[in-house]
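> I would like the atomic coordinates for the input below:
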Amino acid sequence: MTQSEPPVDAASLLHDEELDRRAQRLATIAWLLILGCFAGLVFVDRDTVPGAWWAIGVGMLMLLHSLARKLDDLPVSGFSLIISGLILATGIVSLLGVSLPLVPILLILVGSTIALRHLFERH
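Numbering: from 1, shown residues only. So this is what the prediction gives:
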């Protein structure tokens with residue numbers, strides 16, 4: 001015996017398309033600004049603006065992108081929040097003159113995120 005699928009609601013499809021358009025628009029703006037930061041990192045003398053400020057800028061842009069998604073009732077990725085927080089923290093700590101082992105920290109955070117997501121999805 002097969003289950004019949006519920007009828008497709010045209011208003012629901014239009015709502016989903018609108019959400020996709022808004023998400024794409026926010027992502028495009030965020031990537032444009034982030035790539036602008038990276039271009040600044042390449043073309044601006046490091047004595048003028050230290051690299052730590054560029055990391056802070058990219059971290060802030062990524063966090064603002066997540067905030068914009070939240071305010072627009074779009075889903076926010078926990079992974080992107082962790083990455084943006086890590087980039088922001090890296091810039092701040094670098095300004096303070098402390099050197100961090102970024103790759104191990106990133107691997108620990110990514111692994112923890114995957115493990116916690118799996119744990120909470122089961123319960």
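> Low-confidence stretches in the protein?
The model of the chain has pLDDT under 70 over residues 1-15, 122-123.
> what about the longest helix in it?
helix 10-43 (DSSP state H).
> Now name the helix or strand holding the residue sitting nearest the centre point of the chain.
For the chain, the residue nearest the mean C-alpha position is residue 80 (3.2 Å; Cα atoms, centre = their mean). Using DSSP states H and E, residue 80 falls within helix 78-95.
> What residues of the helix or strand that contains residue 52 count as buried?
Here residue 52 sits within helix 51-71, counting by DSSP H and E. Of all the residues in helix 51-71, those buried under the rule 16 or more other Cβ atoms under 10 Å are 52-63, 65-66, 68-69. Just so you know, the C-beta spots here come from the backbone N, C-alpha and C atoms, and that holds for glycine as well.
> which one of these is nearest residue 16?
The nearest member of the buried residues of helix 51-71 to residue 16, counting by Cβ to Cβ, is residue 69 at 15.6 Å.
> Surely that closest one is in contact with residue 81?
No. At 10.4 Å, residue 69 does not count as touching residue 81 under the criterion of Cβ atoms under 8 Å.
> got the angle for the longest helix of the chain vs helix 51-71?
Counting by axes from the mean of the first three to the mean of the last three Cα atoms, to 10 degrees, helix 10-43 lies at 170 degrees to helix 51-71.
> I'd like to know which elements helix 10-43 is packed against.
Identification of packing neighbours for helix 10-43 by 3 or more Cβ pairs under 8 Å, 6 or more residues apart in numbering; DSSP states H and E yields helix 51-71.
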